[in-house]
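Novice: This is a predicted model, with the sequence first.
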Amino acid sequence: MSDNKIAVLYVDDEEHNLFSFKATFRIKYKVLTALSGAEALDILAKNQVHIIITDQRMPEMTGIEFLEKVLDKFPDPMRLLLTGYADMNAVIDAVNKGKIFHYLAKPWNEEELDLTINRAYEKYLERVQLKEMNEKLEQSNDQLEFLLRQKLLS
């Protein structure tokens, strides 16, 4: 059953936020949590994750810095940024550098976050499908090129 669930990684340096998120969403989603960007990168290396939700303000690595690293190593998961303060520069950086899908203010609203996770997952599935179609198209082009070369050579 858990293999069919959307895998969500929630990153926040405040443990009570992680507990709250897990308590709220553990039945509906496969919830993974991390107290830091470094811990989250380890989790990403060992698990398939569809959605990443990260807090912006964290000690060693901000949410944006974390998302930039994620983008380099794990470009597929959809990225959401949570922040408890209205810092437009952080939001702009997140969009530009971390290529986030959506920005949400803390404290999060359960219904809004749930809807956003589902919208992000739909987008994730669209991207996976597009990637697969492009790979098939590339393979077809290679086969066609091979056949044309064979025809030209004979």
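Specialist: Thanks, I have it. Numbers count the residues shown, from 1 in each chain.
Novice: ok, which stretches of this structure are helices?
Specialist: Using DSSP state H, the helices found in the chain span residues 15-25, 37-46, 63-73, 88-96, 110-153.
Novice: Name the stretch among those that sits most buried.
Specialist: Among the helices of the chain, ranked by average contacts under mean count of other C-beta atoms under 10 Å, first place goes to helix 63-73 (a mean of 19). Where C-beta positions appear, they are placed from N, C-alpha and C, glycine not excepted.
Novice: contact partners of stretch 67-80?
Specialist: For stretch 67-80, contacts defined as C-beta atoms under 8 Å, 6 or more residues apart in numbering pick out 9, 37, 40-41, 44-45, 49-54, 61, 81, 94, 97-104, 116-117, 120-121, 123-124, 127-128.
Novice: Quick check, pLDDT for the most far-flung residue of the chain relative to its centre.
Specialist: Distance from the C-alpha centroid of the chain peaks at S154, with 49.8 Å (C-alpha atoms, centre = their mean). S154 is assigned 78 on the pLDDT scale.
Novice: how about the helices of the chain, which one is nearest N4?
Specialist: Closest approach to N4 among these is made by helix 110-153 (11.9 Å; C-beta to C-beta).
Novice: so what secondary structure elements neighbour that closest one?
Specialist: Under the contact criterion of 3 or more C-beta pairs under 8 Å, 6 or more residues apart in numbering; DSSP states H and E, helix 110-153 touches helix 15-25, strand 51-55, strand 78-83, strand 102-105.
Novice: lowest-pLDDT helix or strand in this structure?
Specialist: Taking mean pLDDT, DSSP states H and E as the measure, the helix or strand of the chain with the lowest value is helix 88-96, at a mean of 68.
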